[in-house]
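Undergrad: The sequence and its predicted three-dimensional model are supplied below.
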Amino acid sequence: MKKILLFIMIALASASAQADMALKFLGTADANDLSQLAQELMADTGVAVSGDFGCFELPVFDLESGNPVGIGVDCLNIFSGDDSGAMIEAITFFFLPRGTLVSHGCTSVRPFWAGVGDSGVTHMTGSIGPAELGGNNPPAAGTPCESTGGIVHTTKGMSKFSDGATRLSGAVNLSNAGAGEITFSCLFVLSE
């Protein structure tokens, strides 16, 4: 167990050292009415969100300082899953003082193992963009993520990320998901 924890700590430290931006999406949110929110997001970014997405809006915090640095909107659509886990299409909007980033990709969601870490967590989430690990992680053919896996939109102040990748490692509490409420503790690493 100590080796696993050491590996995780080294991986996070390495990601933080190499990352251009590491953001925490943290808190409890209710799913927003997609029709109104989708119109606002489209007007702000030009990125369309339609279908069976539930969107959750929370503050975004800088990983290093812990200070709030903007607003995040995570729009999620389960397209494959069973009791052992699910594959979710995610379109995530980061509204930051320097500009806006939009990431589009897939993430896995798996039940959390009892006795490991925080008891308020029900599921773990994670995704690695296709450019990570030498580019040997292509999105699944025939899924909404076949042509995604990175940053799909930036505004002028964030243009250096326009061809960037997104990595997600998170913990969520889905015990109230049926009522449209999810608690998030997610780390997004955004790179050029």
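TA: Happy to help now that I have it. Since the model is a prediction, treat every value here as computed from it, not as a measurement.
Undergrad: Sketch out the low-pLDDT regions of this protein for me.
TA: Scanning the chain for pLDDT under 70 picks out 1-19, 33-36, 38, 48-51, 117-119, 128-154, 156-157, 163.
Undergrad: Could you pick out the longest strand of it?
TA: strand 68-82 (DSSP state E).
Undergrad: by how many degrees do the host helix or strand of residue 124 and strand 68-82 diverge?
TA: Assigned by DSSP states H and E, residue 124 falls within strand 123-128. For strand 123-128 against strand 68-82, the angle by axes from the mean of the first three to the mean of the last three CA atoms, to 10 degrees is 100 degrees.
Undergrad: where exactly do the helices run in the protein?
TA: 2-18, 34-45 (DSSP state H).
Undergrad: Which parts of this structure are strands?
TA: Under the criterion DSSP E, the chain carries strands at the ranges 21-30, 54-62, 68-82, 85-96, 99-111, 123-128, 150-154, 165-173, 181-191.
Undergrad: Can you tell me the strand partners of the strand holding residue 124 and which way each runs?
TA: Its sheet considered, strand 123-128 pairs with strand 99-111 (antiparallel), strand 165-173 (antiparallel) by DSSP bridges.
Undergrad: Could I get those strands in a markdown table, plus columns for mean neighbour count and distance to residue 187?
TA: The way it works is simple: take the backbone N, C-alpha and C, and place the C-beta from them, glycine included. Putting the strands paired with strand 123-128 into a markdown table (neighbours: other CB atoms under 10 Å; distance: least, CB to CB, whole Å) gives the following:
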| stretch | mean neighbour count | distance to residue 187 |
| --- | --- | --- |
| strand 99-111 | 21 | 12 |
| strand 165-173 | 21 | 5 |
